[in-house]
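Participant: Here is a sequence with its predicted model. Questions after.
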Amino acid sequence: MGGTYGDVRGKSKIETYQNYLEVCRNWPGGGENFDDFSQDPDARHKKVCYSEMVWDPDRKEWVLNYHLHT
């Protein structure tokens, strides 16, 4: 499987989500074809993205791991 992966971080869930949107916008695949709702940046799936976030107590921020497939 190809693509890109990593994580985005933020002090709040909305900040983390907005950082994820920025990653999707800059992704060469265009972010238009998402097979997995947990990757879909569309606002209709924001709650799914929120549910995938985990709290990092050491850095005191929310983390969302992603893998954008090509």
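Facilitator: Now that the structure is in, tell me what you want to look at.
Participant: Please name the nearest non-neighbouring residue to W55.
Facilitator: Leaving aside its sequence neighbours, W55 sits nearest to W62 (C-beta to C-beta, 6 or more residues apart in numbering; 6.1 Å). In short, each C-beta sits where N, CA and C put it, glycine included.
Participant: what's near enough to touch that neighbour?
Facilitator: Going by C-beta atoms under 8 Å, 6 or more residues apart in numbering, W62 touches 9-13, 15-16, 53-56.
Participant: ok, 7 Å please
Facilitator: By C-beta atoms under 7 Å, 6 or more residues apart in numbering, the residues touching W62 are 9-10, 12-13, 16, 53, 55.
Participant: What about the nearest residue to H69 once chain neighbours are set aside, how many residues nearby?
Facilitator: The shortest distance from H69 to any residue other than its chain neighbours is 4.3 Å, reached at G3 (C-beta to C-beta, 6+ apart). G3 has 12 neighbouring residues, counting by other C-beta atoms under 10 Å.
Participant: before we move on, what about L68?
Facilitator: Around L68 there are 19 residues (other C-beta under 10 Å).
Participant: Where does it sit: helix, strand or coil?
Facilitator: strand (DSSP: H, G, I helix; E, B strand; the rest coil).
Participant: picking that back up, hang on, the residue nearest to H69 packs against H67?
Facilitator: Yes: between G3 and H67 there is a contact at 6.0 Å, judged by C-beta atoms under 7 Å.
Participant: Report the set of residues contacting both of the two.
Facilitator: If you check G3 and H67 against C-beta under 7 Å, 6+ apart, no residue is contacted by both.
Participant: quick one: secondary structure of the most centrally placed residue in the chain?
Facilitator: Centroid-nearest residue in the chain: Y20, 4.0 Å away (criterion: C-alpha atoms, centre = their mean). When classified by three-state DSSP, Y20 comes out as helix.
Participant: Alright, that wraps it up for me.
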